[in-house]
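Peer 1: Kindly generate the corresponding structure for this input.
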Amino acid sequence: MDIKKMVMTIAKDAKIVSQNLRTLSTDIKNNALLNMANSLEKKTNVIIDANKKDIKNAKKKRLSSAMIDRLTLNPSRVRTMSDGLREVVSLPDPVGEITRMWKRPNNLQIGKIRVPIGVIGIIYESRPNVTVDTAGLALKAGNAIILRGGSEAIHSNITITKILREASKMSNLPVNSIQLIDVTDRTAVYEMLKLDAYIDLVIPRGGFELINMVVENSRIPVIKHDKGLCHIYIDNEADLKMAEEIAFNAKVQRPGVCNAMETLLVNKEISETFLPSMAKRFKEAGVEIRGCPITKKILPFVKKASKKDWETEYLDLILSIKVVKDIKEAIDHIATYSSGLAEAIVTTNYNKARTFLNEVDSSSVFVNASTRFTDGNQFGLGAEMGISTQKLHVRGPMGLEDLTTTKYIILGNGQIRR
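Peer 2: Residues are numbered from 1 along each chain as shown. Here you go, the predicted model:
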């Protein structure tokens with residue numbers, strides 16, 4: 001197989017199709033998305049059969065339990081994917097929105113209007129639901145999408161993409177609106193990243209190595225979905241029952257995702273009261289704790305944390321705990337080690353909450369809520385293209401509006417520049 005030629009053909013086809021997608025009506029796009037949602041549900045068994053092949057291979061390769069959880073599909077998760085598409089249907093179409101209009105002294109009317117980005121390439125690992133979420137968002141925002149999932153989910157992604165493409169065809173959409181690079185050879189990624197003449201934006205979602213590889217090799221603008229090294233700070237003025245529930249949820253509910261808590265920061269004044277009961281719950285849930293010297297003094301059974309632990313996104317039932325003297329030390333620790341995805345404070349003190357919101361420089365900052373809410377669906381965006389941990393052109397969960405850009409429109413009546 002000539003991988004270079006295959007990737008080039010996919011990119012050229014996407015570029016051609018993107019010109020048609022720009023002007024599609026909202027009704028046509030919504031109808032296609034509904035057909036996709038219905039088709040996924042009708043073919044749930046086909047999807048799960050394909051996914052079982054990926055699970056079998058993942059177990060052979062001895063992937064972590066967290067990775068296998070991210071990879072696994074069941075009827076409930078397929079239904080969630082379908083419901084995500086239906087929620088995207090219910091959202092306002094950003095394409096064509098005039099964001100601003102003004103008149104110049106010479107009577108020129110100048111405006112800014114939202115338009116699709118064009119062709120979006122997404123390179124991702126493990127989670128096959130990303131195939132559906134990103135395809136749905138890209139289509140609603142009028143973009144063509146090129147999908148390149150990881151080798152561990154190849155059977156799932158091929159099956160899901162085939163279903164989406166068939167539904168697109170039924171809806172009289174160009175079938176190449178959604179395309180999958182269905183080879184696992186990494187050469188395909190390197191070739192894709194050279195095609196800045198055809199692909200307008202690349203979004204990598206995955207581990208540190210994948211993100212770095214894409215950033216270092218891409219000729220195309222990149223929006224990084226970087227790692228999620230999330231912190232929760234329990235203040236000395238926190239409701240400790242609430243704090244326990246939030247911290248437990250953020251670590252245990254689904255540890256293998258980027259918005260799970262990796263480091264728990266606890267104010268020294270309440271550490272001896274809070275940590276024993278909190279640790280008991282974590283221990284019962286199978287969480288391995290690694291603590292600072294003060295934590296280890298309070299909880300002698302925990303492992304000693306090293307500097308590497310403060311820098312590590314575990315994506316597993318492992319947690320680092322550090323006792324800090326005050327909110328300033330907590331914020332300083334976050335500034336040093338956070339990946340910039342999501343942080344939270346639990347406190348009843350309004351001024352401390354405001355300080356945390358103002359001084360913590362992450363894409364999502366919470367007061368008295370779990371970091372697990374850092375998600376496009378939970379934010380009311382339908383689904384998400386990813387969670388950007390950079391500052392241009394978007395930050396945090398990426399929804400429909402973030403998959404558009406703007407252009408100027410100028411209305412005149414014969415004006416010429418003198």
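Peer 1: Quick one: the helices in the stretch 51-200 of the chain, in order.
Peer 2: Listed in chain order, the helices of the stretch 51-200 of the chain (DSSP state H, counting those that start in this stretch) span 65-71, 75-90, 129-140, 154-170, 187-192.
Peer 1: tell me the mean pLDDT for the first one?
Peer 2: What it means is helix 65-71. What helix 65-71 shows for mean pLDDT is 86.
Peer 1: same deal with the last one?
Peer 2: The predicted model assigns helix 187-192 a mean pLDDT of 97.
Peer 1: what element comes up after that helix heading to the C-terminus?
Peer 2: strand 201-205 (DSSP states H and E).
Peer 1: CA atoms of that next one as CSV?
Peer 2: C-alpha atoms of strand 201-205 as CSV (Å, rounded to 0.1, in the frame of the first residue of the first chain):
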residue,chain,number,x,y,z
LEU,A,201,-6.3,22.4,11.6
VAL,A,202,-5.0,19.4,13.5
ILE,A,203,-6.2,18.4,17.0
PRO,A,204,-4.2,15.6,18.8
ARG,A,205,-5.8,13.9,21.7
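Peer 1: neighbouring contacts of it?
Peer 2: When contacts are defined by Cβ atoms under 8 Å, 6 or more residues apart in numbering, strand 201-205 is touched by residues 117-125, 130, 134, 192-193, 210-211, 214-215, 218, 220-225, 385-386, 398. C-beta: built from backbone N, CA, C; applies to glycine.
Peer 1: Now, these that are in strands?
Peer 2: If you go by DSSP state E, these have 119-124 in strands.
Peer 1: Would you mind checking the contacts of strand 201-205 for buried ones?
Peer 2: Among the contacts of strand 201-205, those classed as buried by 16 or more other Cβ atoms under 10 Å are 117-125, 130, 134, 192-193, 210-211, 214, 218, 220, 222-225, 385-386, 398.
Peer 1: Tell me the secondary structure at Tyr233.
Peer 2: What DSSP: H, G, I helix; E, B strand; the rest coil gives for Tyr233 is strand.
Peer 1: repeat for Lys322
Peer 2: From three-state DSSP, the assignment for Lys322 is strand.
Peer 1: For the nearest residue to it once chain neighbours are set aside, list the residues it contacts.
Peer 2: Among residues not flanking Lys322 along the chain, Cys292 sits closest, at 4.6 Å (Cβ to Cβ, 6 or more residues apart in numbering). When contacts are counted by Cβ under 8 Å, 6+ apart, Cys292 is found next to 305, 321-323.
Peer 1: Generate a PyMOL selection restricted to the buried entries among those.
Peer 2: Here is the PyMOL selection string for the buried members of those, based on 16+ other Cβ under 10 Å:
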select buried, resi 305+321+322+323
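Peer 1: Tell me the one among the contacts of Cys292 nearest to Ala37.
Peer 2: Using Cβ to Cβ, Ile321 is the member of the contacts of Cys292 that sits closest to Ala37, with 42.1 Å.
Peer 1: what's near enough to touch that closest one?
Peer 2: Ile321 neighbours (Cβ under 8 Å, 6+ apart): 263-266, 275, 289-292, 295, 299, 302, 305.
Peer 1: Put together TSV for those residues, with distance to Val202, pLDDT and secondary structure on each row.
Peer 2: Shown next, in TSV, are the contacts of Ile321 (distance: Cβ to Cβ, whole Å; pLDDT from 0 to 100; DSSP: H, G, I helix; E, B strand; the rest coil):
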residue	distance to Val202	pLDDT	secondary structure
Thr263	30	98	strand
Leu264	34	98	strand
Leu265	34	98	strand
Val266	39	98	strand
Leu275	43	98	helix
Ile289	38	98	strand
Arg290	35	98	strand
Gly291	39	98	strand
Cys292	39	98	coil
Thr295	41	98	helix
Leu299	44	98	coil
Val302	41	97	coil
Ala305	36	97	coil
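Peer 1: Count the neighbours of Ile98 for me.
Peer 2: Ile98 has 11 neighbours, counted by other Cβ atoms under 10 Å.
Peer 1: Same check on Ile410?
Peer 2: Residues lying near Ile410 (other Cβ under 10 Å) number 10.
Peer 1: What strand or helix carries it?
Peer 2: Counting by DSSP H and E, Ile410 is found in strand 404-411.
Peer 1: Looking at that strand now, give me its mean pLDDT.
Peer 2: Here the average pLDDT along strand 404-411 is 97.
Peer 1: helix/strand/coil for Ala250?
Peer 2: Three-state assignment for Ala250 (three-state DSSP): helix.
Peer 1: Which pLDDT value goes with it?
Peer 2: Looking at Ala250, the pLDDT reads 98.
Peer 1: sorry, back to before: quick one: least confident of the ones in strands among the contacts of strand 201-205?
Peer 2: Lowest pLDDT among those: Tyr124, 93.
Peer 1: And it, how far from Gly228?
Peer 2: Distance, Tyr124 to Gly228, using Cβ to Cβ, to the nearest Å: 14 Å.
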